[in-house]
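Q: Dropping the sequence and predicted coords here.
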Protein chains: 2
Amino acid sequence: MSTLHAVILAGGSGTRFWPLSRETWPKQMLQIFGEDTLLHQTIRRISGLIPPENTWIVTTDDMVLNIRNHLMPLGELTGKINFITEPVGRNTAPAIGLAAVSLKQISADSVMVVMPADHAIPDAEEFLNNVRTAVKGADKDYLVTFGIKPNHPETGYGYIKADKTARVEVEGLVKVDGFVEKPDLETAKTYLASGNYFWNSGIFVWKTSKILSEIEKLLPHLFSALKEIERQMVSKLSESSKLSKVTKVTKSSKEEMVSSGMSGLGSSPLNLLNKLNSLNSLYASLEPISIDYGIMERSRDVLMLPATFQWSDLGNWTALDEVLEKDQAGNILRGNTIDIGSKDSIIFSGERVVATIGLKDMVVVDTPDATLVTPKEKVQEVRKVVEVLRRNHREEHLLHKTVERPWGSYTVLEKGSGYKIKRIVLKPQARLSLQLHKKRSEHWVVVEGTARVTREGETFLVQRNEGTYIPVNVKHRLENPGQGFLRIIEVQNGEYLEEDDIERFEDDYGRDTSH
Amino acid sequence: MSTLHAVILAGGSGTRFWPLSRETWPKQMLQIFGEDTLLHQTIRRISGLIPPENTWIVTTDDMVLNIRNHLMPLGELTGKINFITEPVGRNTAPAIGLAAVSLKQISADSVMVVMPADHAIPDAEEFLNNVRTAVKGADKDYLVTFGIKPNHPETGYGYIKADKTARVEVEGLVKVDGFVEKPDLETAKTYLASGNYFWNSGIFVWKTSKILSEIEKLLPHLFSALKEIERQMVSKLSESSKLSKVTKVTKSSKEEMVSSGMSGLGSSPLNLLNKLNSLNSLYASLEPISIDYGIMERSRDVLMLPATFQWSDLGNWTALDEVLEKDQAGNILRGNTIDIGSKDSIIFSGERVVATIGLKDMVVVDTPDATLVTPKEKVQEVRKVVEVLRRNHREEHLLHKTVERPWGSYTVLEKGSGYKIKRIVLKPQARLSLQLHKKRSEHWVVVEGTARVTREGETFLVQRNEGTYIPVNVKHRLENPGQGFLRIIEVQNGEYLEEDDIERFEDDYGRDTSH
């Protein structure tokens, strides 16, 4: 068997599960199914077959820090997982191409197991068995796609038509007779009845070399861009290898080069961002195209694995009906809800009270700053809500009220005229950057733990129930020297109170300290 | 014409417009119809005929400070309006009896115009014309009730059957043929068709002496309690009159006595609360009974005024459909809403985003701490939600997140383990009581205006962007010496952070300073 590498496509716009998902907090980071977030589940699931050192998360530059931070609770897996960073999202064909060209530098005969980060697959063992079967096809130079046996006439998916009668040289795989677009309901019913149509799951297994040769054949523009990316990667390798001698090297320079991807925000300490500017614009100029449309529908070497595991792509709020347990009235209730006689509804709340009366087939989702109310049959239109928010330059589509940071989190409790109040929570031993604000002063009151504060060179402890003050233009740093959480209330004063009024001088998390 | 007195029944449990109404913030205090709150509208409306000196608000002891505070924006009307305070609510017959026995002390031949505080009557002039007609009936010793011509077969009201053919000695009034219970829909339709049935509005006009003699006849238990109340009132008059010589007296001692009602929280500076303890328990022991059931349905001297003004009792959220303008899709939208294609729905929001998609005949009401989602046909069941909240000892049925106080307001921004954050807003020139907390310390940061702080005898100013600290067990006072609002952020620390950890030493608003 070839060396397996897992490639997890971790994009997502945060639209379909709004208001629980946001642009900076897409579906993969939600814990809506199971004990863990979808991305954590995806990583844990594949780790039964592929070690974290061979696991690659493909995401965009602006999401990578966020996702790294999100991986912290995974413990020892966290530090071993690799990142491949797209400068911007360009759909799955370029993302997979970038992953392939990166993997090629490490292991030319590797097999890639490509999967989305945000699908629900409860039975990991069955999934891995299916992957093992698919790998046999990959080893024989097939592109193997996973088809899901439909259990209802879904009109929201594309279908794969299988030819189960054709002889195939790998047991357990079937020939593909064609890919078909999302059908109307009548057609979907005939698909369901026929037994030959499968949902296209977006899970693929193939050799790195095979997908690259298919890209060369079918998407030559993408291929030539990937060649240029490869050329620059290779040319940076010597430089990187020289630099790595003076840094702490935990991987081969080749791996390090790749793991830092195109943005330098990978696990490598090297910041290649500025050096790879030309690649950024090259990648950004690529045509966004899906791997299904660009390769799978046109390649002659595709086989399908009829998946034997339960699967949901969790495409929108109503998908929860398929994967979550309901009460006797058919409801899924979460959080601080008071329901009087609703049926077949999904009601998600947090701390705030959400009271529902006599709903039928409705979705109600409440978050600290936004609430959604819609009949199940209209959930797709949530994207229109997100468009309105974006058009109105609001923040409710972008951020949650609580914003996660590598050191902990902050929550804006109130914005007023000339002031802003934040709750800031620091993880044990964590510290913010050494920083300065030009337009605001800050009052801090410690309400849990003990803070170590640096202010204009002086360092002192601030205990619970004590406060301190950071004037405008004064360099400061907030640290949690303790083993528990540190919680402070910050009252900012100033005419300009946005996050971008910050100059960083030192940072533990590789954030920009140039200014 | 006799001397007119307005008696405004300002009770209300805050249930039917939950979550916008709360126990401490009932419907009368909401601005849901028109430019002003319903109570303000009620007061302004009647002030075109009856001067504020002759206007009496009947409410319960625990609501009186709240309502007084609520009247502040009425300017010069505010100080002139009188209060009659029930120790506890006992429905309309005892409340009206208490009002009558109080009014009798001032003006035995007065005519009472009794009205609820929370109905919508857009045309004040027409209303007053109707009152003038009713007064003619009262002058001839009739109990006059206002009947509303139905415009739909309402099943939620009792009806008055009028006998329009019978001769009546006062033009514009009609004989009453009987009171009928809330009908079923079929019956309500026949009532609507007949033209002889009217909604019972709860607006009454009668002589004070007449209602008392009817109570004597029909509710003898209530009457004897009222006699005892009167006896004690009269016996306190001399005492009160002696005391009033050493206080600033703006009214006759008789008026002062009455205006301070039974709890001493009236406009009088005299605190009679403790002296009237026996009355409190007497009143509390009264059987709760409505004036309709106790008197109107049984008296032989009732006439009805067929009202010619538009009226709604705003009995629940759907009543807004009758009085508020709708958009082209039949929706009433308020606040920060994003709606995609809803119809015939009522959507109320505040600062938070409420996104609704394709709703039909729904009610969605969002407040800072609670959200309600219900089909219009189920709005009555909101009382069940309130019951659950009460049973679970929550606060969302009781208080709003922002709590109004005579000096301004406070908003709990966050409650955490061992801390609580409040935004405190002081009106110009206002000050909190001189107080002390035994179990919490307080950090204050001024974010608007300048504070004058008294702490352990020392008094100093705290400017915007400055903070100060009040340790446990230290007497302190917060004042706003300025002409604008003072806004401070308070971070409380302590194991016990409830409102009842307060000892007051001095207070500008007559609150308890004994401890």
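A: Great, that's in hand.

Q: give me every residue that touches the residue of the stretch 101-250 of chain A found nearest chain B.
A: Relative to chain B, the nearest point of the stretch 101-250 of chain A is A:Gly156 (16.9 Å; CB to the nearest CB). C-beta here means a position set from N, CA and C on the backbone, and glycine is covered the same way. Neighbouring residues of A:Gly156 by CB atoms under 8 Å, 6 or more residues apart in numbering or on different chains: A:Lys182, A:Gly315.

Q: same deal with A:Ile215?
A: For A:Ile215, the contact set (CB under 8 Å, 6+ apart) comprises A:Ala93, A:Gly97, A:Ala100, A:Leu222, A:Phe223, A:Leu226, A:Gly294, A:Ile295.

Q: where's it relative to B:Asn280, distance?
A: The gap separating A:Ile215 from B:Asn280 is 87 Å, by CB to CB, to the nearest Å.

Q: residues near the closest residue to A:Tyr157 other than its chain neighbours, how many?
A: Distances taken as CB to CB, 6 or more residues apart in numbering or on different chains put A:Trp199 closest to A:Tyr157, at 4.6 Å, once the chain neighbours are dropped. Other residues lying near A:Trp199 total 22 when counted by other CB atoms under 10 Å in any protein chain shown.

Q: Please name the residues that touch A:Trp199.
A: Applying CB under 8 Å, 6+ apart, the residues near A:Trp199 are A:Gly147, A:Ile148, A:Lys149, A:Pro150, A:Glu154, A:Tyr157, A:Gly158, A:Tyr159, A:Ile160, A:Trp311.

Q: Please apply the same query to A:Glu169.
A: With CB under 8 Å, 6+ apart, A:Glu169 has these contacts: A:Lys140.

Q: On the three-state scheme, it is what?
A: Secondary structure, DSSP: H, G, I helix; E, B strand; the rest coil: A:Glu169 is coil.

Q: One more: A:Pro73?
A: Three-state call for A:Pro73 (three-state DSSP): helix.

Q: does it really touch A:Arg44, like I thought?
A: No: using CB atoms under 8 Å as the test, A:Pro73 is too far from A:Arg44 to be in contact (11.0 Å).

Q: Quick check on the two: which one has the bigger neighbour count.
A: Set A:Pro73 next to A:Arg44 and count neighbours by other CB under 10 Å: A:Arg44 wins out with 14 against 11.

Q: which other helices and strands contact the helix or strand harbouring that one?
A: Assessed by DSSP states H and E, A:Arg44 sits inside helix A:38-46. Applying 3 or more CB pairs under 8 Å, 6 or more residues apart in numbering or on different chains; DSSP states H and E, we find helix A:38-46 packed against strand A:4-9, helix A:64-71, strand A:111-116, helix A:124-139.

Q: count of neighbours near A:His475?
A: Small correction: residue A:475 is Lys, not His. A:Lys475 has 16 neighbouring residues, counting by other CB under 10 Å.

Q: next one: A:Lys136
A: 19.

Q: For B:Leu486, see how far away it is.
A: A:Lys136 is 75 Å from B:Leu486, by CB to CB.

Q: Keep the contacts of A:Ile215, but drop any that are not near chain B.
A: With CB under 8 Å from any CB of the partner chain as the criterion, the contacts of A:Ile215 include none near chain B.

Q: Following the chain onward from the helix or strand harbouring the residue nearest to A:Tyr157, which element is next?
A: Taking DSSP H and E as the criterion, A:Trp199 maps to strand A:197-207. As assigned by DSSP H and E, the chain's next helix or strand after strand A:197-207 is helix A:208-218.

Q: tell me which residues in that next one are buried?
A: Within helix A:208-218, the residues that count as buried by 16 or more other CB atoms under 10 Å in any protein chain shown are A:Thr208, A:Ser209, A:Lys210, A:Ile211, A:Leu212, A:Glu214, A:Ile215, A:Leu218.

Q: Same question for stretch A:420-438.
A: A:420-427, A:430-437.

Q: Kindly report the same for stretch A:97-108.
A: Residues of stretch A:97-108 classed as buried: A:Gly97, A:Leu98, A:Ala99, A:Ala100, A:Val101, A:Ser102, A:Leu103, A:Lys104, A:Gln105, A:Ile106, A:Ser107 (neighbour count, 16+ other CB under 10 Å).

Q: Secondary structure element holding the first one?
A: Assignment of secondary structure by DSSP H and E places A:Gly97 within helix A:92-106.

Q: That helix - what's its average pLDDT?
A: Confidence for helix A:92-106, expressed as mean pLDDT, is 94.

Q: that older thread, okay, the residue nearest to A:Tyr157: pLDDT?
A: If you check A:Trp199, the pLDDT there is 96.

Q: Right, I'll leave it there.
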